[in-house]
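Trainee: just need the structure, nothing else, for what follows:
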Amino acid sequence: MQQIADWLQKLGLGQYAKRFAENDIDISVLRHLTDADLEKIGVSLAHRRKMLAAIAELAGASPSRHEPAGCLASKIRPSATSHRCPRTSSVRPLSAHMDPEGLRGASTAAGAGSWASG
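Mentor: A predicted model of the protein is given here:
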């Protein structure tokens, strides 16, 4: 939990460290947090946006030579090199997030659906 507290402090949001600890939020769940999750534990709107942007940066940062891609441990606290992250892919296709009708609407809005209309 200290890694999360250090990360929050680095963001200037150390006041939320206790809430993260009370809700058992550690590095393994950090990248899975949603806006609704953060709101539920009492994080203000502006601070939720700041946290979510920082989480996205962590997830998108290039891995070090000691860790698999997607490992957040050393990006939050570089001295955490003894932590080993499992090799899993965090990249999922858009179809995993949206139903077929939602995908059709997204492609039409982007101009890709004109071929289907006739």
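
Trainee: CA only for contacts and neighbour counts going forward, please
Mentor: Noted.

Trainee: okay, Gly60: pLDDT?
Mentor: Per-residue pLDDT puts Gly60 at 81.

Trainee: quick one: average pLDDT of stretch 4-24?
Mentor: Here stretch 4-24 scores 96 as its mean pLDDT.

Trainee: end-to-end on that stretch?
Mentor: Terminal residues of stretch 4-24 lie 10 Å apart, using Cα to Cα, to the nearest Å.

Trainee: who touches that stretch?
Mentor: Stretch 4-24 is contacted from outside by 1, 25-27, 41-43, 47, 51, 76-77, using Cα atoms under 8 Å, 6 or more residues apart in numbering.

Trainee: okay, buried residues for the top helix by length along the chain please.
Mentor: Counting residues, the longest helix found in the chain (DSSP state H) is helix 45-60. Using 16 or more other Cα atoms under 10 Å as the test for burial, helix 45-60 gives 47-48, 51-52, 54-55, 58-59.

Trainee: what's the spacing between Ile4 and Ala54?
Mentor: Separation of Ile4 from Ala54 (Cα to Cα): 12 Å.

Trainee: for ChimeraX, write the select line for the buried members of the contacts of stretch 4-24.
Mentor: Listed next is the ChimeraX selection for buried residues among the contacts of stretch 4-24, using 16+ other Cα under 10 Å:
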select :26,27,43,47,51,76
